[in-house]
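Novice: got a predicted structure plus its sequence, pasted below:
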Amino acid sequence: MSEKVQHIFDATPFPWDQPIQYLKGIGPKRAVLFSKLGIETLEDLLFFAPFRYEDRTALKKIAHLQPGEEQTILAEIKAVALIETPRRRMKIIDIAVMDETGLLHAKWFNQPYLKDLFKRGEKVMLSGKVKSNHYGGYHLEMESPQYEKVDEEDIQVHMGRIVPVYHETKGLTSRQIRSLMKHVLIQYASKASDVLPPALIQRYSLISLSRAISELHFPAPESPLTQLNAGLSLAHRRLSFDELFLLQSGLALRKKKVSTKQMGIAFNTSGSLPDRLRDLLPFQLTQAQEKVLAEIKQDMASDRPMNRLVQGDVGSGKTLVALISILIAIENGYQAALMAPTEILAEQHFLSIRDYLETLGKKVTFLTSEMRKKAKEEVVQGIGTGQYDLIIGTHALIQEGVQFKRLGLVVVDEQHKFGVLQRAKLTGKGYRPDVLIMTATPIPRTLALTLYGDLNISIIDALPPGRSPIKTFLFYGKQRERAYSFIEKEFVKGRQVYVVCPLIEESEKSDLKAALELSATLQKEVFPHRRIGLLHGRLKREEKEAIMREFKEGRIDLLVATTVIEVGIDVPNATIMLIEQAERFGLAQLHQLRGRVGRGSEQSFCLLAAEYPLSEEAKRRLDAMVKSNDGFKIAEIDLEIRGPGEFFGTRQSGIPELKIANLMRDTSLLEAARKEAFAWIDRDPNLTEPESRPIRFLLERKWKGKIEWLTTG
């Protein structure tokens with residue numbers, strides 16, 4: 001056993017999980033403040049990366065300041081004044097500071113509380129743009145500079161070096177965090193032993209773990225500031241590799257266990273049910289669908305459980321591919337389950353699939369937690385006795401009381417809205433069933449390798465033939481009449497229109513009110529001669545079904561809806577999607593909504609109605625919609641705007657949270673870490689070799705509470 005491995009298991013282990021309240025200088029009260037920043041243990045604190053760095057190695061003397069430039073000084077406060085300007089109703093805090101070379105005034109507007117913060121005789125560091133002021137005598141000044149009070153005893157921590165700047169919370173400043181971090185690093189950083197295999201450290205020229213932790217917080221003086229702020233320093237590279245390697249090791253371990261565990265179900269994939277379904281369809285499958293189906297059939301015919309993700313843009317036909325897979329399982333005498341994240345989506349699947357299955361003589365049912373108790377009990381009983389071939393539902397499918405007679409295939413839609421453990425809970429209701437996951441939210445490759453690294457991935461990369469790209473236009477409130485005129489021209493051609501009401505807030509009641517008001521306005525004032533329908537989440541299933549049928553059959557010209565139409569409705573004659581207050585929607589949701597049109601051979605349009613002025617982020621989202629129909633490109637932009645945690649709610653996905661690594665920045669590092677992790681697990685799938693024991697040790701720490709899921713499949 002190597003010396004490093006021996007150190008980890010025979011010596012006193014590094015106290016990664018030690019609560020921070022027991023660290024010197026923190027205590028219970030500060031621990032509560034740190035918890036607001038997501039910091040509860042020593043590990044959390046050591047990996048709490050600064051969000052930027054400031055170069056304070058070259059402080060300027062006041063006499064040497066250049067007007068118009070961003071500069072930093074250290075000076076003594078000589079006077080503090082509160083100036084009130086009654087005419088403009090403004091309060092100005094003005095402090096005069098001096099060093100041995102000159103005088104400067106710093107001003108803050110409408111922040112009167114600063115008067116009590118600054119005291120004469122104290123040292124303060126000020127950073128900001130320097131201006132010349134010629135009123136009342138020439139002097140230099142800074143307006144609203146960043147400030148930091150400095151004590152003589154810890155001036156070496158905050159001055160004369162590159163210093164870290166941390167996210168703050170009320171009662172806990174970046175400066176306080178910096179002081180505490182310095183003491184913690186002195187006590188613990190050198191004791192953090194390397195546990196990555198030495199061969200990897202050497203192969204990728206990685207610095208030591210202890211050095212990386214130290215330099216993450218207090219970089220060496222020669223460290224380029226641009227690299228630090230871009231997250232490209234040697235410290236960031238080492239810590240990012242560690243995170244990505246451990247993440248991919250967990251996924252590799254999971255994938256290895258799934259592929260080598262006991263036998264699953266070997267389905268006969270040459271039955272007649274799929275062909276009978278094809279005969280019912282008024283179209284043929286695309287080559288992309290056929291390719292993915294071939295991959296699925298190969299998996300299902302194998303005696304190893306299938307674990308496959310099917311990605312495809314809006315309208316690419318994923319649900320049909322899933323339905324054919326479901327029919328294979330049913331024809332082999334097994335039940336299938338389709339789990340969706342919301343009742344609306346589950347209901348849409350039920351409505352679109354039910355007629356096909358009943359025509360083929362098979363039984364399908366619907367199960368959600370919102371059902372009445374008696375109806376729910378009857379459905380659950382039917383599932384247990386094998387009365388139903390396909391069960392479509394929400395999280396209700398994984399509740400304890402739900403038992404399947406013979407579950408052979410699990411289909412999970414929009415997997416990113418579930419956690420990996422929820423997926424495992426559903427598969428646990430059968431005897432190693434095959435698992436097919438599908439998503440209409442295109443996933444950038446880096447995120448797919450992270451979220452779904454334990455799955456095989458298929459992509460339906462083509463739309464059905466004859467469909468033209470949807471033309472998207474952005475307009476503002478004053479241009480609304482032009483939009484309505486454009487819609488009227490489509491009506492004259494016999495086309496139909498969707499109008500999506502604005503998402504006011506996360507409240508079904510508010511959304512319903514907005515939809516009702518919008519519907520009434522359009523009917524009375526804009527299109528009184530057209531038939532207008534209204535679809536929202538509070539309607540009963542029978543009412544929704546009736547409205548959607550009327551729209552599909554052309555008896556409704558314009559359908560006003562909340563976002564219930566984000567998925568599920570396929571009306572080829574609908575050629576316009578008007579989205580009101582589009583700036584309130586996320587980019588992925590806008591793309592999903594747009595996918596409701598463009599399903600026929602006629603040119604379709606998406607009109608984005610926005611309220612001016614737009615925030616910078618909203619402008620980027622809407623510009624992306626106008627410029628591209630490519631869901632994967634849009635997903636890349638969405639990932640750039642929101643970051644991976646927000647993009648897919650990765651905190652809910654079941655995978656360890658990335659604290660240092662950035663999936664957009666560290667793509668090549670992710671690829672390298674994945675290659676090394678999968679090769680390591682391939683060589684030692686049980687992690688029993690001496691050099692593997694530290695990896696298992698870290699996996700148990702990083703994948704808190706999930707090591708059993710990783711190792712048992």
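Specialist: Happy to help now that I have it.
Novice: which residues does residue 97 form beta bridges with?
Specialist: With DSSP bridges as the criterion, residue 97 is bridged to residue 77, residue 104.
Novice: against residue 279, how distant is it?
Specialist: Counting by C-beta to C-beta, to the nearest Å, the separation of residue 97 from residue 279 is 85 Å. Every C-beta, even on glycine, is put in place using the N, C-alpha and C of the backbone.
Novice: likewise residue 334?
Specialist: From residue 334 to residue 279 the distance is 23 Å (C-beta to C-beta).
Novice: so between these two, which is more surrounded?
Specialist: Counted by other C-beta atoms under 10 Å, residue 334 and residue 279 do not tie: residue 334 has more neighbours, with 23 against 7.
Novice: and that one, what does it touch?
Specialist: 265, 267, 406, 407, 408, 409, 433 (C-beta atoms under 8 Å, 6 or more residues apart in numbering).
Novice: what are the boundaries of the helices in the stretch 201-350 of the chain?
Specialist: Here the stretch 201-350 of the chain has its helices, by DSSP state H, counting those that start in this stretch, at 209-217, 225-229, 234-260, 273-280, 287-301, 318-331, 343-359.
Novice: in the fourth one, what's buried?
Specialist: It refers to helix 273-280. 273, 274, 277 (16 or more other C-beta atoms under 10 Å).
Novice: which other helices and strands does it contact?
Specialist: In terms of contacts (3 or more C-beta pairs under 8 Å, 6 or more residues apart in numbering; DSSP states H and E), helix 273-280 is packed against helix 318-331, helix 343-359.
Novice: distance from it to the middle of the chain?
Specialist: 38 Å (C-alpha atoms, centre = their mean, to the nearest Å).
Novice: do the same with the second one
Specialist: Centroid separation for helix 225-229 versus its chain: 25 Å, with C-alpha atoms, centre = their mean.
Novice: just checking, what packs against that helix?
Specialist: Using 3+ C-beta pairs under 8 Å, 6+ apart, helix 225-229 sits against strand 52-55.
Novice: what does the strand it packs on contact?
Specialist: With C-beta under 8 Å, 6+ apart, strand 52-55 has contacts from 72, 127, 162, 163, 164, 165, 219, 225, 228, 229.
Novice: most widely separated two among the residues you listed?
Specialist: Farthest pair in the contacts of strand 52-55 (C-beta to C-beta) is 127 and 219. Separation: 17.7 Å.
Novice: the two: which is more packed in?
Specialist: residue 219 (23 against 16).
Novice: for residue 225, see how far away that one is.
Specialist: For residue 219, the distance to residue 225 - C-beta to C-beta - is 9 Å.
Novice: list residues touching both of these two?
Specialist: Joint contacts of residue 219 and residue 225 (C-beta under 8 Å, 6+ apart) are 53, 162.
Novice: residue 438 belongs to a strand, doesn't it?
Specialist: Yes: assessed with DSSP: H, G, I helix; E, B strand; the rest coil, residue 438 lies in a strand.
Novice: my read: it touches residue 322, true?
Specialist: Yes: contact criterion C-beta atoms under 8 Å: residue 438 and residue 322 qualify, at 5.7 Å.
Novice: which residues are in contact with each of the two?
Specialist: By C-beta under 8 Å, 6+ apart, the residues touching both residue 438 and residue 322 are 310, 411, 413.
Novice: need the contact list for the second one.
Specialist: Applying C-beta under 8 Å, 6+ apart, we find residue 411 in contact with 322, 325, 326, 336, 337, 338, 339, 436, 437, 438.
Novice: let's see that with 6 Å instead.
Specialist: 322, 338, 436 (C-beta atoms under 6 Å, 6 or more residues apart in numbering).
Novice: go on, the last one?
Specialist: When the contact criterion is C-beta under 6 Å, 6+ apart, the partners of residue 413 are 340, 438.
Novice: check the gap between it and residue 305 for me.
Specialist: From residue 413 over to residue 305 (counting by C-beta to C-beta), the distance is 19 Å.
Novice: what subset of the contacts of strand 52-55 is buried?
Specialist: 72, 127, 162, 163, 164, 165, 219, 228, 229.
Novice: thought the fourth one was touching residue 59?
Specialist: If I follow you right, that is residue 163. No: Residue 163 lies out of contact with residue 59 (C-beta atoms under 6 Å); the separation is 11.6 Å.
Novice: I'd like the buried ones among the contacts of strand 52-55 laid out as JSON lines, including pLDDT and distance to residue 39.
Specialist: Shown next, in JSON lines, are the buried ones among the contacts of strand 52-55 (pLDDT from 0 to 100; distance: C-beta to C-beta, whole Å):
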{"residue": "72", "pLDDT": "86", "distance to residue 39": "28"}
{"residue": "127", "pLDDT": "85", "distance to residue 39": "26"}
{"residue": "162", "pLDDT": "86", "distance to residue 39": "22"}
{"residue": "163", "pLDDT": "87", "distance to residue 39": "19"}
{"residue": "164", "pLDDT": "91", "distance to residue 39": "14"}
{"residue": "165", "pLDDT": "90", "distance to residue 39": "16"}
{"residue": "219", "pLDDT": "92", "distance to residue 39": "21"}
{"residue": "228", "pLDDT": "88", "distance to residue 39": "21"}
{"residue": "229", "pLDDT": "85", "distance to residue 39": "22"}
